[in-house]
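Chemist: Build me a structure from this.
(chains A and B)
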Amino acid sequence: MQWIIITSENADEVFKRLEEKGIDPVLWGLTDKDFELLAKNFARIRNQLMVTNNLLDKYKEYYETEDKEDGER
Amino acid sequence: MFGIRLFFIGLIATAIAGGGFYVFKLQKDNAILKANAIKMESAIADQKTLIENQKKDFEEILEANKKMNELVSVLKKDLEDLDKRFNKKNRDVGKLAIAKTKSIERITNGASALATRCIEIASGSPLTEKEINATKKSEINTECPSIANPNYIPY
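Modeler: Down below sits the predicted model:
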């Protein structure tokens, strides 16, 4: 994935470059504030993923150790 | 006279038989009590084991909670650092991007690649040698050093 920063000054150049590369001259845009929001939401999702995976690992560790101990008895 | 003697003999014989039966009953009761005592001891031992296991589980849960809270606080720190990158000293990323379009584009793409790697790590991807051995600011994944670079100590 590639981010392209487009301003009123470089817009023509950006679209021209896209056309030269054979890419449709169309972009999905975000304002600077929306980009900040996206970056922070991405980080929050990553953190939540980390916490959930950690929790799953702990459950796995607990139950698999218990199963192993039961098997040894 | 003979009748009285017979009555007493009968009385004594009944008393002896009754005593015998009573002793026999006591022995039987004793055996039941002994069996109950053994069951009780076994139940107490089981309960003790159960309480010990519960205590051990509780300690493990406390330890796991402590580690989880530590993880949550380092992840929170990463998020605060990200906020600083956008807003430190009233920084306006929009204005910066207008002034230095190429530089900010390069920085954004670099950070985006690092953030993608962070998602991979959070999803369970093992750390690379380079990530594990990173100790300098120039070597770390600046998007999520707390999970990508375990040996990095912020300075």
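Chemist: Near chain A, which residues of chain B are found?
Modeler: B:60, B:64, B:67-68, B:71-72, B:75-76, B:78-79, B:82-83, B:86, B:92-94, B:97-98, B:101, B:104-105, B:108-109, B:111-112, B:115-116, B:118-119, B:122-124, B:143-144, B:147 (CB under 8 Å from any CB of the partner chain). All C-beta spots, glycine's among them, are computed from the backbone N, C-alpha and C.
Chemist: dump the residue contacts of the residue most central in space within chain A.
Modeler: Note on chain A: the residue nearest the mean C-alpha position is A:Phe42, at 5.1 Å, using CA atoms, centre = their mean. A:Phe42 makes contacts with B:Ala115, B:Ile119, as judged by CB atoms under 8 Å, 6 or more residues apart in numbering or on different chains.
Chemist: quick one: it and B:Ser138, what's the gap?
Modeler: 23 Å (CB to CB, to the nearest Å).
Chemist: Same check on B:Tyr22?
Modeler: 95 Å.
Chemist: domain parsing for chain A?
Modeler: A:1-30, A:31-73 (automatic domain parsing).
Chemist: Grab the longest helix from the chain for me.
Modeler: I'll assume chain A. Taking DSSP state H as the criterion, chain A has its longest helix at helix A:32-72.
Chemist: please go with chain B instead
Modeler: Using DSSP H to define each element, chain B has its longest helix at helix B:2-87.
Chemist: After that one, heading C-terminal, what element do we hit next?
Modeler: The element immediately downstream of helix B:2-87 (helix or strand, assigned by DSSP states H and E) is helix B:93-99.
Chemist: For B:Tyr22 and B:Ser138, indicate the residue with more neighbours.
Modeler: B:Tyr22 (10 against 6; other CB atoms under 10 Å in any protein chain shown).
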